[in-house]
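Participant: Need a 3D model of the following:
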Amino acid sequence: RTIFRGAIAAGIVSAVRPHAARFSYPIPHHSAGAPGVLDAAPSCSELFHEQPLDHFGPSPSPGTFPQRYFLHDGHYRRDAGGPMFFYLGNEADVTLYVNATGLIWENARSFGALVVFAEHRYYGASQPFPDDPTSDLRFLTTGQALMDYVGLVGHLKKEYGFAPSDAVVGFGGSYGGMLATWGRLRFPHIWDGAIAASAPVVAFEGVMAATDDMDYYAVGETFDVTPAAGATPHCEANLRKAFAGGGLTRVDPAVLRSAFRLCDSGGAEDATLDQDVATWINEALSYMAMGNFPYRSTYLLNGDGSLPPFPVRVACESLAEDLTHDDRTEEWLHGLASFASVYYNYTSDLTCNTLSAPVNEEGRIVGELWDYQYCSQIFMVLGTRTTPTDMFGDAPWDGDAVARDCEARHGFPPHRRHFADAYGTPADWARSASNIVWSQGEYDPWRGGGVVSSLSDTLVAVVIPGAAHHLDLFFSHESDTDEVIAARALEMEHVRRWVEEKRTGYVHSPDPGAVMLRNNAAFDSDRTETE
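Facilitator: Numbering: from 1, shown residues only. Sure, this is the predicted structure:
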């Protein structure tokens, strides 16, 4: 489940740092089951819309597949011009978002909104090749997925008799937030605005401006294990020794196997065991940092278990003392093992650890699909450099090495500049786009890969203190801070403005068809008089 370690199920690239694999990156993950989750799916209609397998090839498409979506029209007010709230599904079963996206459910009634959660092709029940889901991934692209959503919006507009003045607002978190952003940029006539939470839309070659920013994820993780984020004072130093200090390389492999309770059948080789253990520890940190919420959450675990409130702080309690001196090596190793077990042993019943095993079966399946998506299009830049704010070893971004590794495993090179070529840069968006709110959580390592400063009055960035990965999309909770409450209010204030602008703009604008008819009539009259 890491971007840079192919041996882990959701891994992408191991060749990025051929000499050391001490820093790993997770996929931007969906919001799976925060506390206060509404069991919303039963109150929805589970429906399917037949989609072309290929939206861009010669007509007809080589086939079709049923795209699943969930629809709730109990709050919809057609007579009042109710909008459509459309969630652009991420890399998982869409029911996870149906049951976790409180921002939509808590506001649908007051807006009179038609609620739609659309599932991403190849995930969940939306399978083009259900007998062998990974047998043909040629049609697993962001462009195909967006066209699925465009087609579904059109279908529902027709079914519910939407007027031209009725707005459609896109919502999405993480990869879904990336899709919501790209949907608004590419199809502004489909989505009148987008709420894009924790969306690393800047983290691409040709889009990210400063090379120094390419260690943004490492900086985010490092921050989360410092006292500034509520962690114990020595947690960062103990982890730095493992990641940048080479501390594990000086430990006998037999001692490592014992301290980390590695399974005999795990397959880890002594020659790379220190690197594998460091990557394994960091994978746990990566996911706990994204899920560093103030309450118990099943986020990241796909509903199969839960992590404690502020899991990074809990994990750091095992590294509260300064264990970096050589005479405390045994304590340090056991502290690192306990740190990682907060994530891996969330069931408290593991008897041994396998370094290459995904946290559960859902993670394995998602990882295989995301691996393909990363290596074909979603080629995010990620590097590390040892600094006071980056506790990992020097491993700058090497796009050529990553591309070679992708091609070796998939048989084709990545389209490295796809998103720069297709959508431009934030400077381009500031000149030509509107109606997007990007939110970032202070504790979310993906924050630096997103838009963190407003580009205009209608392209707004919100950084939420003390928040992790798209916390603002979750249901309201008694532990919510004033800052996350204010962020949600700001987001919905913009949504209301988009809805009203669409409604009033069409009311006061002339009908384009009528204008054309009048112009044609005037032209015919002038021509007759001349003749």
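
Participant: Okay, and residue 288 sits in which element?
Facilitator: helix 273-290 (DSSP states H and E).

Participant: could you say what helices and strands that helix packs with?
Facilitator: Counting contacts by 3 or more Cβ pairs under 8 Å, 6 or more residues apart in numbering; DSSP states H and E, helix 273-290 is packed against helix 216-224, helix 235-243, helix 253-259, helix 311-316, helix 329-344. All C-beta atoms are positioned from the backbone trio N, CA, C, and that covers glycine.

Participant: Isn't residue 161 up against residue 78?
Facilitator: Yes: shown here, residue 161 and residue 78 form a contact pair, counting by Cβ atoms under 8 Å, at 6.7 Å.

Participant: Those two - which one has more neighbours?
Facilitator: Applying other Cβ atoms under 10 Å to residue 161 and residue 78 shows that residue 78 carries more neighbours, namely 14 against 8.

Participant: doesn't residue 159 make contact with the more buried one?
Facilitator: No: using Cβ under 8 Å, residue 78 makes no contact with residue 159, being 11.3 Å away.

Participant: pLDDT value on residue 164, please?
Facilitator: Listed pLDDT for residue 164 reads 95.

Participant: What distance do you get for it to residue 113?
Facilitator: According to Cβ to Cβ, to the nearest Å, residue 164 stands 17 Å off from residue 113.

Participant: So for those two, which residue has more residues nearby?
Facilitator: Neighbour count, other Cβ under 10 Å: between residue 164 and residue 113, residue 113 has more, with 26 against 13.

Participant: Spit out the contact partners of the closest residue to that one other than its chain neighbours.
Facilitator: Setting aside the residues directly before and after it, residue 113 is nearest to residue 85 in space (Cβ to Cβ, 6 or more residues apart in numbering), at 4.5 Å. Contact analysis of residue 85 by Cβ atoms under 8 Å, 6 or more residues apart in numbering lists 104, 107-108, 111, 113-116, 169, 171.

Participant: likewise residue 341?
Facilitator: Residue 341 is in contact with residue 350, counting by Cβ under 8 Å, 6+ apart.

Participant: For the stretch 1-150 of the chain, just list every one of the strands.
Facilitator: Taking DSSP state E, counting those that start in this stretch to define them, one finds strands in the stretch 1-150 of the chain at 45-52, 64-72, 84-88, 114-118.

Participant: right, and those strands - which one's nearest residue 194?
Facilitator: Nearest to residue 194 among those is strand 84-88 (8.5 Å), distances taken as Cβ to Cβ.

Participant: List the buried residues for that closest one?
Facilitator: Judged by neighbour count using 16 or more other Cβ atoms under 10 Å, the buried positions of strand 84-88 are 84-88.

Participant: Kindly report the same for stretch 487-497.
Facilitator: By neighbour count with 16+ other Cβ under 10 Å, stretch 487-497 contains the buried residues 487-488, 491-492, 494-496.

Participant: ditto for stretch 158-171
Facilitator: Using 16+ other Cβ under 10 Å as the test for burial, stretch 158-171 gives 162, 165-171.

Participant: repeat for stretch 379-390
Facilitator: Residues of stretch 379-390 classed as buried: 379-386, 390 (neighbour count, 16+ other Cβ under 10 Å).

Participant: For residue 406, give its distance to residue 276.
Facilitator: 21 Å.

Participant: Please apply the same query to residue 374.
Facilitator: According to Cβ to Cβ, residue 374 and residue 276 sit 21 Å apart.
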